[in-house]
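Chemist: Okay, structure incoming, though there's no sequence with it:
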């Protein structure tokens, strides 16, 4: 069986235009998370991240870089007042799929805002995926 050579071309100008197109689509009231993965697609994570940021991305998704840099954990908070407000367990599930040894956690989780059965299922899935490396604290709403 013959193996055909495969090449990929990454156009940083096109990547920048993609971020600008998303910005036009979602407007200025929403945040854009640009994923910088696989060492910036071979260009280098810092270079690609700079292009994304200069083109209008508000955040860079770089959990695998945190792991490569030697960080021990990634923590995502839960807040009703934070803008943008992101669901922490969904983000942690995404991080769990991209990293191997980072401990994942929520600085605070508001269970009263979630269906308890769905919450238990999601926490179980993230914990199973990460071999119980999920930490966190919860707020009960009582003083």
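Modeler: Cool, got the structure. It should be emphasised that the depicted structure is a prediction, and the values quoted were computed from it without experimental measurement.

Chemist: what's next to stretch 23-41, contact-wise?
Modeler: Residues outside stretch 23-41 that contact it (Cβ atoms under 8 Å, 6 or more residues apart in numbering) are 8, 10, 19, 22, 45-49, 52-53, 55-62, 64-65, 84, 98. For glycine as for every other residue, the C-beta is placed from the backbone atoms N, C-alpha and C.

Chemist: Tell me the strands beside the helix or strand containing residue 34, with direction?
Modeler: Taking DSSP states H and E as the criterion, residue 34 maps to strand 33-35. Strand pairing for strand 33-35, determined by DSSP bridges: strand 59-61 (parallel).

Chemist: Tell me the buried residues in the strand holding residue 34?
Modeler: For strand 33-35, the neighbour count (16 or more other Cβ atoms under 10 Å) marks 34-35 as buried.

Chemist: how far out from the middle of the chain is that strand?
Modeler: 8 Å (Cα atoms, centre = their mean, to the nearest Å).

Chemist: Stretch 90-100 now?
Modeler: 7 Å.

Chemist: Just the buried ones among the contacts of stretch 23-41, please.
Modeler: Counted by 16+ other Cβ under 10 Å, the contacts of stretch 23-41 give 19, 22, 45, 48-49, 52, 55-57, 60-62, 64-65, 98 as buried.

Chemist: now, which of these lie within strands?
Modeler: Members of these lying in strands (criterion: DSSP state E): 60-61.
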